[in-house]
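# For reference, the sequence and a predicted model appear below.
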Amino acid sequence: MLAIKFKRIGKKHQASFRIIVAEKRSKVHGRFIDDLGWYNPTSGEGSVNSERANYWLKVGAKATPTVHNLLVRKGVIKGPKIPVHKIAKKRNIE
């Protein structure tokens with residue numbers, strides 16, 4: 001199964017990500033099939049090749065939740081965002 005996911009690049013404490021298409025269970029720094037763009041979370045900049053992203057989604061690749069939310073924000077795909085982080089349960093302390 002193919003997945004559209006982030007590949008971390010950049011120096012320590014200066015993260016930057018490539019958006020790649022790779023096998024779901026492959027290592028992040030291993031082989032990848034296609035390079036779709038980049039994203040810098042510190043500045044919020046990035047670019048995505050929307051034609052290639054839509055092609056891979058039509059072929060059957062699934063985007064990870066974080067990449068899905070990025071694609072929704074960039075306008076590549078339409079739909080609601082996926083909640084990525086769990087909501088912490090409140091403890092009853094008596």
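Everything's here; your move.
# all strands for the chain, in order.
In the chain, strands defined by DSSP state E lie at 2-9, 16-23, 34-40, 45-48, 62-63, listed in chain order.
# Tell me who's in contact with residue 27.
For residue 27, no contacting residues are found, by CB atoms under 8 Å, 6 or more residues apart in numbering. Placement of C-beta: from N, CA and C, glycine included.
# Next one: it relative to residue 67, how far apart?
To residue 67, residue 27 is 17 Å away according to CB to CB, to the nearest Å.
# which intervals of this protein have sub-threshold pLDDT?
Counting by pLDDT under 70, the ranges of the chain that qualify are 94.
# Spatially central, which residue of it would that be?
residue 67 (2.2 Å; CA atoms, centre = their mean).
# in the sheet, who's paired with the nearest residue to that one once chain neighbours are set aside?
Sequence neighbours aside, residue 4 is the residue nearest to residue 67 in space, at 5.2 Å (criterion: CB to CB, 6 or more residues apart in numbering). As for beta bridges, residue 4 partners with residue 21, residue 63 under DSSP bridges.
# check contacts around residue 4.
By CB under 8 Å, 6+ apart, the neighbours of residue 4 are 19-21, 36, 53, 56-57, 61-64, 67, 71.
# same thing with residue 21?
Per CB under 8 Å, 6+ apart, neighbours of residue 21: 2, 3, 4, 32, 33, 34, 35, 36, 56, 61.
# do the same with residue 22
Residues in contact with residue 22 (CB under 8 Å, 6+ apart) are 2, 3, 5, 28, 30, 31, 32, 33.
# Could you turn the buried ones of these into a ChimeraX selection?
A single ChimeraX command selects the buried members of the contacts of residue 22 (16 or more other CB atoms under 10 Å):
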select :2,3,5,32
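# now, which of the contacts of residue 22 sits nearest residue 85?
residue 5 (17.2 Å; CB to CB).
# Roughly how far does that closest one sit from residue 34?
Distance from residue 5 to residue 34, by CB to CB: 12 Å.
# Ok, residue 19 next?
Residue 19 is 9 Å from residue 34, by CB to CB.
# Great, nothing more from me.
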